[in-house]
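Visitor: This is a predicted model, with the sequence first.
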Amino acid sequence: MIPFMGGTHLPDITMIAPVFFEDEPLFRPFTYYETIGGGMGAGKNYCGESAVHSHMTNTLNTPVEALEYSYPLLVTEYSIRKNSGGRGLFNGGDGIIRELKLLSDAEVTVISERRIRPPYGLSGGGPGKKGKNIIIKDGQFENRPGKFYENLKENDIIRIETPGGGGYGKCAA
């Protein structure tokens, strides 16, 4: 929508497209691809929704049980990224935290946006928090850019923190 008409603004859509290779005994390659929603921007007369896919169709949340049953992955966190939405008369929605522990070595590609510039607010509303891509190896947190490819090892963790939506309107002082 056009900002000056009071419409909402685009949230982040994070796409995680790792290619995993299962360890012994099967040595069977497989692919896992997921879109992870974020916080929706607020608009004139409404707050943004939290942890949703917006402005995107034909995609759904992947249930933890289905993911862990089908792939050598362990979901160690799946939650709303509290206070990531921009403040305003109407607040932006909060993003998502999705953390996956690899149960096998993997080649991982992440394609995401809003890692450098935050989702903007409208009509005086504050921006949402920028997203983060983090790899955790042996307890050490390593930030990654919005788009990256990396070979990871069993027990490494991929942590995706999607941005919150921008707020709308100035808060009353």
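Guide: Cool, got the structure.
Visitor: Please make it C-alpha for all contacts and neighbour counts, starting now.
Guide: OK.
Visitor: Can you show me the strands along this protein?
Guide: Ranges of strands within the chain are 14-16, 19-21, 29-31, 34-36, 73-81, 95-102, 106-111, 132-137, 140-144, 147-152, 157-161, based on DSSP state E.
Visitor: Show me what the longest one is in contact with.
Guide: It stands for strand 73-81. 50-51, 64, 67-68, 94-104, 161-162, 164 (Cα atoms under 8 Å, 6 or more residues apart in numbering).
Visitor: Pull out the buried members of those residues.
Guide: The neighbour count (16 or more other Cα atoms under 10 Å) marks 50-51, 94-104, 161-162, 164 as buried among the contacts of strand 73-81.
Visitor: Flag the least confident of those.
Guide: The member of the buried ones among the contacts of strand 73-81 with the lowest pLDDT is Ser104, at 87.
Visitor: shouldn't it be in contact with Glu154?
Guide: Yes. Look at Ser104 against Glu154 with Cα atoms under 8 Å: they come within range, at 4.3 Å.
Visitor: Identify the contacts common to the two.
Guide: Common neighbours of Ser104 and Glu154 are not found (criterion: Cα under 8 Å, 6+ apart).
Visitor: I'd like the strands of the chain as TSV, with distance to Gly88 appended.
Guide: Listed next are those as TSV, based on distance: least, Cα to Cα, whole Å:
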stretch	distance to Gly88
strand 14-16	24
strand 19-21	40
strand 29-31	40
strand 34-36	25
strand 73-81	18
strand 95-102	16
strand 106-111	29
strand 132-137	23
strand 140-144	29
strand 147-152	30
strand 157-161	22
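Visitor: quick one: which of the ones you listed is nearest Lys44?
Guide: Minimum separation from Lys44 across those (Cα to Cα) falls at strand 95-102, 20.0 Å.
Visitor: contacting residues around that closest one?
Guide: 36-39, 50-52, 72-82, 84-85, 153-165.
Visitor: Name the strands paired with that strand and say parallel or antiparallel.
Guide: Strand 95-102 sits in its sheet next to strand 73-81 (antiparallel), strand 157-161 (antiparallel), going by DSSP bridges.
Visitor: would you put the C-alpha positions of the longest one in PDB?
Guide: Right, strand 73-81. Extracted in PDB, the C-alpha atoms of strand 73-81 (Å, rounded to 0.1, in the frame of the first residue of the first chain):
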ATOM      1  CA  LEU A  73      16.600 -31.100  13.100                       C
ATOM      2  CA  LEU A  74      15.700 -30.200  16.600                       C
ATOM      3  CA  VAL A  75      13.700 -27.000  17.100                       C
ATOM      4  CA  THR A  76      15.300 -25.400  20.200                       C
ATOM      5  CA  GLU A  77      13.200 -22.300  20.200                       C
ATOM      6  CA  TYR A  78      10.100 -21.100  18.300                       C
ATOM      7  CA  SER A  79       8.600 -18.000  19.800                       C
ATOM      8  CA  ILE A  80       7.400 -14.400  19.300                       C
ATOM      9  CA  ARG A  81      10.300 -11.900  19.400                       C
END
